[in-house]
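>>> Only the shape, not the letters, is given here:
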């Protein structure tokens, strides 16, 4: 709606909102500096304090949420309502795609499944948010997500909506998730020197992309 402010900070979401958000959809608040993970929940509370008449919808990945979320308890105590859409891909999916796979590397320690641990984390984000007093629910899909966003407008406390997302690309299936998959360039530098052929090939591709961008500018 026109009264809503969409906000986020890190991961795939700044790129996604840049592509999808339209001015007629309301406000737009983004941290474009250094992909400041953990800004999201605190930033959403600050936005609602600054513009109490506006609906604030915060988009945050599970990695960023784990870094900073205590403002939910503050917002509950002070009755500051905003909506958090928490996308769960079980790790740092954007970092894995951009800095690891996108630079010619192999998965390492970004996704829980790629960590050398005896027990894979199974974090219940609904229970976690609810323990701080927020209204928390898991959405089974995008239709349920839309319904929960609408329902959140009637509450005077934060609402946290958890929804599972795809962490990796699946070419040809319609589930391509990286910025590059949509034909846009995200400048993540690739090491120039490597003993690995895959990484050298990725560096050559990177130089081609940089040259193309320079020519366009």
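Structure's in. What do you need? As the structure is a computational prediction, the values presented were derived from the model and not from experiment.

>>> give me the number of residues near residue 90?
By other C-beta atoms under 10 Å, the residues close to residue 90 number 17. For glycine as for every other residue, the C-beta is placed from the backbone atoms N, C-alpha and C.

>>> again with residue 113
Applying other C-beta under 10 Å, we find 11 other residues in the vicinity of residue 113.

>>> Looking at this structure, name the residue that lies furthest from the middle.
Relative to the C-alpha centroid of the chain, counting by C-alpha atoms, centre = their mean, residue 195 is the outermost residue, at 32.8 Å.

>>> measure that residue to residue 104 for me?
According to C-beta to C-beta, to the nearest Å, residue 195 stands 11 Å off from residue 104.

>>> so the residue farthest from the centre of the chain, which of the three states?
Here residue 195 is coil, with the state taken from DSSP: H, G, I helix; E, B strand; the rest coil.

>>> Ok, residue 5 next?
Under three-state DSSP, the three-state class of residue 5 is strand.

>>> what's the nearest residue to it once chain neighbours are set aside in contact with, if anything?
Among residues not flanking residue 5 along the chain, residue 27 sits closest, at 3.4 Å (C-beta to C-beta, 6 or more residues apart in numbering). When contacts are counted by C-beta atoms under 8 Å, 6 or more residues apart in numbering, residue 27 touches 4, 5, 6, 51, 54.

>>> centre of the chain versus stretch 32-50, how much separation?
12 Å (C-alpha atoms, centre = their mean, to the nearest Å).

>>> What average pLDDT does it get?
Across stretch 32-50, pLDDT averages out at 89.

>>> From residue 1, how far out is the residue nearest to residue 5?
Applying C-beta to C-beta, the value for residue 27 to residue 1 is 11 Å.

>>> Look up the closest residue to residue 189, ignoring the ones flanking it.
residue 206 (7.3 Å).

>>> Then residue 49?
residue 80 (6.5 Å).

>>> and residue 46, how many neighbours?
Number of residues near residue 46 (other C-beta under 10 Å) recorded here: 17.

>>> What lies in contact with the host helix or strand of it?
Under DSSP states H and E, the secondary-structure element containing residue 46 is helix 39-50. If you take C-beta under 8 Å, 6+ apart as the criterion, helix 39-50 is touched by 5, 7-10, 29, 31, 54, 56-60, 64-65, 68-69, 71-72, 74-75, 80-82, 84, 158.

>>> ok, back up a step: correct me, but the residue nearest to residue 49 touches residue 134?
No - Residue 80 is beyond contact range of residue 134, at 10.8 Å (criterion: C-beta atoms under 8 Å).

>>> okay, and the common contacts of the two?
Overlap between the neighbourhoods of residue 80 and residue 134 consists of 157, 158, taking contacts as C-beta under 8 Å, 6+ apart.

>>> tell me the helices in this structure, going along the chain?
Remark: helices of the chain, listed N- to C-terminal, are 13-20, 39-50, 62-67, 71-78, 93-95, 125-131, 142-152, 197-216; assignment by DSSP state H.

>>> so who does the residue lying closest to residue 82 once chain neighbours are set aside touch?
Distances taken as C-beta to C-beta, 6+ apart put residue 56 closest to residue 82, at 4.0 Å, once the chain neighbours are dropped. Counting by C-beta under 8 Å, 6+ apart, residue 56 touches 4, 5, 7, 44, 47, 48, 82, 83.

>>> switch to 7 Å and redo it
The neighbours of residue 56, taking C-beta atoms under 7 Å, 6 or more residues apart in numbering as the test, are 5, 7, 44, 47, 48, 82, 83.
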